[in-house]
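Enquirer: would you be able to build a 3D model of this:
(one chain, ligands or ions: 1)
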Amino acid sequence: MKRIVGAILAGGQSRRFGSPKAFAKQNGVYFFQRAVEALRPFVQELYIVSHPALVSRFQQETSEKVIVDEQVYRGQGPLAGIYTVMKQTEAEWIFVLPCDMPYMRASTIGNMVSYIDASFDIVVSAHFGRVQPLVGAYHHRVIGDIERLLKAGNNRMFWLLEKSRVRYVKEEDFFEDERVFRNINRAAEYDDIVTEDML
Ligand SMILES: Nc1nc2c(ncn2[C@@H]2O[C@H](COP(=O)(O)OP(=O)(O)OP(=O)(O)O)[C@@H](O)[C@H]2O)c(=O)[nH]1
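Expert: Numbering: from 1, shown residues only. Coordinates of the predicted model:
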């Protein structure tokens, strides 16, 4: 079995949402907990990477490991979170999920994991023509590239994808319900899913 470590990114500011998205609920379950449930079956270790203000709240709600972004790159976005987890582990692969996709499920991750292949550096979902850099596996060997990008202040995920050998997993690889990749950024989007779930 491939050695995979999980990284749940929960270090964003949730400015558009208005309160920490990780602790919004879908059908009574915290968003971040949905990510934990989806990833847990496939990883030996799992890290929730957040920021200092949320650590104690996470610790009250989960027994998973909670860490904070490396101080030098704090606030630099998801790339800083992935880098931080890579620094914690020597595992070959880091499987990343955001904390704001409440419909993500274990079967999706299982399918993604089956496409992990060491001839690629990164394996991410690109279902329905939308690249999802926060849903996929990153090989540990990209840590140097990530560090260089962060040092230069080029923290967009797409800079890393551009430099790397990427396997884009699409609907012809495995079909998936589009809703699984729905991420919640704004309170209005949250209101929509609450209403839909009640129907
Ligand atoms: N560890 C870590 N995760 C981050 C960071 N920035 C964003 N994330 C996570 O990446 C995912 C996508 O984040 P966004 O929705 O783009 O950003 P956000 O800061 O949470 O929200 P906005 O403030 O509204 O832009 C979420 O799971 C965030 O928690 C960061 O600097 N560090």
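
Enquirer: was I right to think residue 88 contacts residue 46?
Expert: No - the criterion here is C-beta atoms under 8 Å, and residue 88 misses it with residue 46 at 11.0 Å. Any C-beta I mention is one placed from the backbone N, CA and C, and that applies to glycine too.

Enquirer: who has more neighbours, these two?
Expert: residue 46 (21 against 16; other C-beta atoms under 10 Å).

Enquirer: any idea how far the more buried one lies from residue 74?
Expert: Separation of residue 46 from residue 74 (C-beta to C-beta, to the nearest Å): 21 Å.

Enquirer: now swap in residue 97 and tell me
Expert: Taking C-beta to C-beta, one finds residue 97 at 20 Å from residue 74.

Enquirer: looking at the two, which one has more neighbours?
Expert: residue 97 (26 against 14).

Enquirer: surely the more buried one forms part of a strand?
Expert: Yes - looking at residue 97 with DSSP: H, G, I helix; E, B strand; the rest coil, it is inside a strand.

Enquirer: I figured residue 26 hits residue 103, correct?
Expert: Yes - taking contacts as C-beta under 8 Å, residue 26 lies within contact range of residue 103: 7.4 Å.

Enquirer: shared neighbours of the two, anything?
Expert: Listed as contacting both residue 26 and residue 103 by C-beta atoms under 8 Å, 6 or more residues apart in numbering are residue 34.
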